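Asker: Please find the sequence and the predicted model below.
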Amino acid sequence: MEDAPGHQDDSRTQALRYAGVADAIRTAVNSGSMTPGTRLPAERELARQHAVHRQTVRQALQLLREEGLVSTDRRGTVVRRPGSRAELLQAPSEVLFPLGALTAGSHNRITTRLSWEPVPAAYAAQLGSTPAARTLVHHYRAVSSTGDVTLHAVSYLSPTAVTEIPLLSRYRRHLPHHSHSDLRRLYQWMADAGMALEHSEALTLAAPQGAGPAAPRVRIQRHVRDQYHRTLEISRITPAGGDLTYRFTAPAKPAFQPA
């Protein structure tokens, strides 16, 4: 049975209203007045600004989420980076930190430690810090049965990560030299803090140093960002000597989406 004319008119009016709200937000993003990571006002405030009901705002935000322009989690709605997917993906919580690291066993002896160190100048802006400031740094080393270092990783954790993740913030208060440095569940801690993660890897074959035949040196750099495009972790991973088998396994699953 067809809808009555009055009902059709109401539906068209509602569609025009939420499309208008979506278009206003889209225009603000495209013009640069709303940059990636910008948090949108609450639904109530958006409804007041556009003189519409909150349900109209919800429909507009849903349309923008489907376009990949914004994402919504427990903390609100933020502008996404251009070209990002509409549905934010994250590694499942059972993935251990640091990703791609070797496991302990008969061929590897694993050592880790935590320290407070100055942020490298090259990473300061990305981590939301300054070169003079110190941040929490995780050192990982895998040593073979012959005593050779087979993999070394240094991970710089941003002040944001340290502040917003309770199990990391404790290290701000006190980090003795013998502090327990098992951060294998770090990504679970991030998820518990309401963070949906984006991992990106860059693998570089650097020219060998010195004269004579030598294999290129491999450098791997990892960036982990949250749904607000804040960098939480920058890791430098350096395999050393011999054949390289680098495994990166992070099957994705949808992050939290509102009902």
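Answerer: Cool, got the structure.
Asker: Contact partners for the residue lying closest to residue 25 once chain neighbours are set aside?
Answerer: Leaving out its chain neighbours, the residue that sits closest to residue 25 by C-beta to C-beta, 6 or more residues apart in numbering is residue 64, at 6.2 Å. C-beta coordinates here come from the backbone N, C-alpha and C atoms, glycine included. Residue 64 is in contact with 22, 25-26, 70, counting by C-beta atoms under 8 Å, 6 or more residues apart in numbering.
Asker: could you say which helix or strand contains residue 64?
Answerer: Here residue 64, judged by DSSP states H and E, is contained in helix 54-67.
Asker: Let me see the mean pLDDT of that helix.
Answerer: Averaged across helix 54-67, pLDDT comes to 88.
Asker: Alpha carbons of it, as PDB, please.
Answerer: The C-alpha trace of helix 54-67 is given here as PDB (Å, rounded to 0.1, in the frame of the first residue of the first chain):
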ATOM      1  CA  ARG A  54      18.300  15.600  17.500                       C
ATOM      2  CA  GLN A  55      16.900  12.700  15.400                       C
ATOM      3  CA  THR A  56      17.600  14.800  12.300                       C
ATOM      4  CA  VAL A  57      21.200  15.300  13.500                       C
ATOM      5  CA  ARG A  58      21.600  11.500  14.100                       C
ATOM      6  CA  GLN A  59      20.500  10.800  10.500                       C
ATOM      7  CA  ALA A  60      22.900  13.400   9.100                       C
ATOM      8  CA  LEU A  61      25.800  11.900  11.100                       C
ATOM      9  CA  GLN A  62      24.900   8.400   9.900                       C
ATOM     10  CA  LEU A  63      25.100   9.700   6.300                       C
ATOM     11  CA  LEU A  64      28.500  11.200   6.900                       C
ATOM     12  CA  ARG A  65      29.800   8.000   8.600                       C
ATOM     13  CA  GLU A  66      28.700   6.000   5.600                       C
ATOM     14  CA  GLU A  67      30.700   8.400   3.400                       C
END
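Asker: how deep is residue 75 tucked in, by neighbour count?
Answerer: By other C-beta atoms under 10 Å, 12 other residues sit near residue 75.
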